[in-house]
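Chemist: model this:
(one chain, ligands or ions: 1)
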Amino acid sequence: MGKQKILVIGAGGQLGSELTQGLWRLHGKENVVATDIKDAEGILAEGNFEILDVLKRDAFTSFIQKNKFTQVYHLAAVLSATGEKNPGFAWHLNMDGLLYVLDAAVEYKIEKVYWPSSIAAFGPTTPKQNTPQDTVMDPTTVYGISKQAGERWCQWYHEKHGVDVRSLRYPGLIGYKTKPGGGTTDYAVDIFFQALSEKKYECFLKPDTYLPMMYMDDAVKATLDLMEAPAEKIHVRSSYNISAMSFCPEEISAEIKKHIPDFNITYKADFRQAIADSWPRSIDDSRARADWGWQHRFGLPEMAADILKNLPEYLAAY
Ligand code: SER
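Modeler: Next comes the predicted model:
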């Protein structure tokens, strides 16, 4: 593998902003071009940044052609809760965006493509505990349907066109460097902001709603580990199950109370409860562990301690 030139699409989002920094560390800031439909905020402004809308196909394709990228990380998507409010646009962005990227990968011989799938690709009749890699998938949200279809397209482009596209089915991702982005698992992000500023949080899920989750540091590591693994170790070309921990609102609240004793959580479930209830409670990610050596670092106590230690300073700086 020679020198890499890397494009990140949707770099301003929750995952994108931290993954871009991971790519800076791995490949050098000068070799990474972060893009989004809106201007760079915070730390992203310190690297190469361009405005780019993947849905403006002609402009997007000429941007790829002009820059001769070797790798593309395509992260732009509408998440589960927001997608239910605007299903047509969610489908357009999540599906057409991916197809434009995969077509460009064929045409301009991009060496590697990364695209995230999600636990949302599973549904109510999927086994909920230790959800296997290969199982029933009957997603109920537009977001989930787009992820399931996207997985099939990734496999198809790999088999028919030899595209080296790689993917992870992320659980809920928890970071503190950007505000939550319209997902059902995002209560576990918002709760930290509210705990620090208000010492209370009203949760839109019930206290015992278990969901698979992962700290952002681990998500960046998983993504870069997968992308750096030799191609012959990648045996799943749809998307790998990946996980680190599972917890419910009651448990994360108890963990926060260890640091902020007068923190108080209340519950008022809304439409997102049905989405959460359709998803796995825990994930079997043994294929990722066996194929390319996935290992997580953060459980709930380590994650909560790290966020509550760093978030006040981060809020003051940005
Ligand atoms: N975090 C996403 C969501 O809640 C799931 O992939 O929409």
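Chemist: quick check: pLDDT value at the residue nearest to L19 when sequence neighbours are not counted.
Modeler: By the measure of C-beta to C-beta, 6 or more residues apart in numbering, the closest residue to L19 outside its immediate chain neighbours is V220, 5.4 Å from it. Placement of C-beta: from N, CA and C, glycine included. In this model, V220 is scored at 98, pLDDT.
Chemist: V220 touches E18, doesn't it?
Modeler: Yes: in this structure V220 lies within contact range of E18 using C-beta atoms under 8 Å: 5.4 Å.
Chemist: the residue nearest to L19: helix or strand, and which one exactly?
Modeler: In the assignment (DSSP states H and E), V220 maps to helix 216-228.
Chemist: neighbours of the residue nearest to L19, how many?
Modeler: 21 (other C-beta atoms under 10 Å).
Chemist: so which elements touch whatever helix or strand comes next after the helix holding V220?
Modeler: Moving toward the C-terminus from helix 216-228, the next helix or strand (DSSP H and E) is strand 240-241. Under the contact definition 3 or more C-beta pairs under 8 Å, 6 or more residues apart in numbering; DSSP states H and E, strand 240-241 sits against strand 168-170, helix 286-292.
Chemist: now the stretch 151-300 of the chain against the ligand: closest residue?
Modeler: Residue of the stretch 151-300 of the chain nearest the ligand, by C-beta to the nearest ligand atom: G183 (2.7 Å).
Chemist: that residue contacts V78, doesn't it?
Modeler: No: if you go by C-beta under 8 Å, G183 and V78 don't touch, sitting 9.9 Å apart.
Chemist: around the ligand, which positions in this protein sit nearby?
Modeler: For the chain, the residues in contact with the ligand (C-beta under 6 Å from any ligand atom) are L79, S80, S118, I119, A120, Y143, Y170, G172, G183, T184, T185.
Chemist: mind checking which of the residues you listed land in strands?
Modeler: Under the assignment DSSP state E, the residues of the chain next to the ligand contribute S118, Y170, G172 to strands.
Chemist: can I get the residues you listed in a markdown table with neighbour count and pLDDT?
Modeler: Shown next, in a markdown table, are those (neighbours: other C-beta atoms under 10 Å; pLDDT from 0 to 100):
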| residue | neighbour count | pLDDT |
| --- | --- | --- |
| S118 | 29 | 98 |
| Y170 | 26 | 98 |
| G172 | 24 | 97 |
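Chemist: count of neighbours near the residue of the stretch 151-300 of the chain closest to the ligand?
Modeler: G183 is flanked by 23 other residues according to other C-beta under 10 Å.
Chemist: one step back: pick the most deeply packed of the helices and strands packed on strand 240-241.
Modeler: Mean neighbour counts were compared across the helices and strands packed on strand 240-241 using mean count of other C-beta atoms under 10 Å; the top stretch is strand 168-170, at a mean of 26.
Chemist: partner strands of it and their direction?
Modeler: Counting by DSSP bridges, the strands paired with strand 168-170 are strand 117-118 (parallel), strand 240-241 (parallel).
Chemist: I'd like those strands as a markdown table, with distance to E255 appended.
Modeler: As requested, the strands paired with strand 168-170 are arranged in a markdown table below (distance: least, C-beta to C-beta, whole Å):
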| stretch | distance to E255 |
| --- | --- |
| strand 117-118 | 24 |
| strand 240-241 | 25 |
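Chemist: relative to L196, which of those is closest?
Modeler: strand 117-118 (27.5 Å; C-beta to C-beta).
Chemist: A195 contacts F263, correct?
Modeler: Yes: applying C-beta under 8 Å, one finds A195 in contact with F263, separated by 5.0 Å.
Chemist: which one of these two has more residues nearby?
Modeler: A195 (24 against 20).
Chemist: OK, contacts around the residue of the stretch 151-300 of the chain closest to the ligand?
Modeler: Taking C-beta atoms under 8 Å, 6 or more residues apart in numbering, we find G183 in contact with L79, S80, A81, T82, G172.
Chemist: mutual contacts of A195 and F263, please.
Modeler: Counting by C-beta under 8 Å, 6+ apart, the shared contacts of A195 and F263 are Y201, I256.
Chemist: which two among the contacts of G183 are spaced furthest apart?
Modeler: So, the contacts of G183 by C-beta to C-beta: farthest apart are T82 and G172, at 14.8 Å.
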